[in-house]
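Engineer: Here is my input; please provide its structure:
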Amino acid sequence: MERSRMTAVLQVRGQATRTSGQFLLGPPKHSPSRDIGAVAVEFCRFIDQSDGVVRSEQLFDLLSAFALNFNCRWIAYGPLAPHQKLLTSPPCNPRFILNYPEEWQKRYSEMGYDRIDPVTNKGRKRAGAFRWSELYNHTSTTEIERRVFDEAATFGLRSGISVPLHGPEGSFAVMSFAQSLNREFDDRTINYLQLAALHFHLRMGRFATTSGSENMPNLSLREKECLLWVARGKSSWDIGVILGISENTVNFHIKNVMRKLDVNSRTVAARKAFEFGIIEL
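Structural biologist: Numbers count the residues shown, from 1 in each chain. Presented below is the predicted three-dimensional model:
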């Protein structure tokens, strides 16, 4: 299985050779740039529209739409504690939001990649946006760390950039943009995405101080129990064992919660419930 996975990795990443123990990717293909004026208009539209939103999901949708101008389908954002990794129990942080493929999120969690992810481990020491390929080929990056990028590529995240977002009193967040094309991001694209990430981060900071004003629906005790264990990373089967109910009953309660909270993901439901004090971890 591992052999077939590595074969797939090499296919999606293109030709690779090993020199002094380091993988070197073939000549990078840069993403074709859109008309400068058109992109500038789209950026201004993103800024103008985002100033009027009141929900983090709406803001994320606007950012996602803007990122599609650069073929970036996948985005992940999260403020991190001093030693927290990007995908460690995302529902625990009400400001954590991403749209990475669910299969990759599951694989990432199962393999414990949060402990070795070079994006967060090395991103804390950087001041500006960086290409994933820079980390992949850096002499300080280990083979184990490269494995995170290699496996991400098999799930469609073939190239990307990350933007460190440093704040006061040592606060830190990171936003990553990824695409399914095996192409490098040109400098102009990186500049636009970095500015968009900063604007998104500042807007999210404002939400954190005003999020308690929304009226939230009432959840039953059982619905809250199921949602609490979802927030702790448990599957429906696990929750059923813990609560002494069937897996189908767990799924029934979770679906009701998603309907009441007007979301289409159990992860988003848990994050939203935590944000508004419906559950406490």
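Engineer: Every contact and neighbour count from this point should use C-alpha atoms.
Structural biologist: Fine.
Engineer: In the stretch 101-250 of the chain, where is pLDDT below threshold?
Structural biologist: Filtered on pLDDT under 70, the stretch 101-250 of the chain yields the residue ranges 168-170, 207-216.
Engineer: what about the strands in the stretch 101-250 of the chain?
Structural biologist: Shown for the stretch 101-250 of the chain, the strands assigned by DSSP state E, counting those that start in this stretch span residues 130-131, 159-166, 172-179.
Engineer: Make CSV out of the ones you listed and add distance to Ala196 and mean neighbour count.
Structural biologist: Formatted as CSV, these follow (distance: least, C-alpha to C-alpha, whole Å; neighbours: other C-alpha atoms under 10 Å):
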stretch, distance to Ala196, mean neighbour count
strand 130-131, 15, 20
strand 159-166, 10, 23
strand 172-179, 10, 24
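Engineer: Columns distance to Gly205 on top of those, output as TSV?
Structural biologist: Formatted as TSV, the strands of the stretch 101-250 of the chain follow (distance: least, C-alpha to C-alpha, whole Å):
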stretch	distance to Gly205
strand 130-131	23
strand 159-166	12
strand 172-179	11
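Engineer: what's the closest of these to Asn218?
Structural biologist: Proximity to Asn218 (C-alpha to C-alpha) singles out strand 172-179 among those, at 31.8 Å.
Engineer: what's the angle from that closest one to strand 159-166?
Structural biologist: Computed by axes from the mean of the first three to the mean of the last three C-alpha atoms, to 10 degrees, the angle separating strand 172-179 from strand 159-166 equals 160 degrees.
Engineer: May I have the helix or strand harbouring Lys272 exported as CSV, CA atoms only?
Structural biologist: Here Lys272, judged by DSSP states H and E, is contained in helix 266-275. Output in CSV follows, covering the C-alpha atoms of helix 266-275 (Å, rounded to 0.1, in the frame of the first residue of the first chain):
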residue,chain,number,x,y,z
ARG,A,266,-20.7,18.3,12.0
THR,A,267,-17.3,19.9,12.5
VAL,A,268,-18.7,23.4,11.7
ALA,A,269,-21.6,22.6,14.0
ALA,A,270,-19.3,21.8,16.9
ARG,A,271,-17.2,24.9,16.3
LYS,A,272,-20.3,27.1,16.1
ALA,A,273,-21.8,25.6,19.2
PHE,A,274,-18.5,26.2,21.1
GLU,A,275,-18.3,29.8,19.8
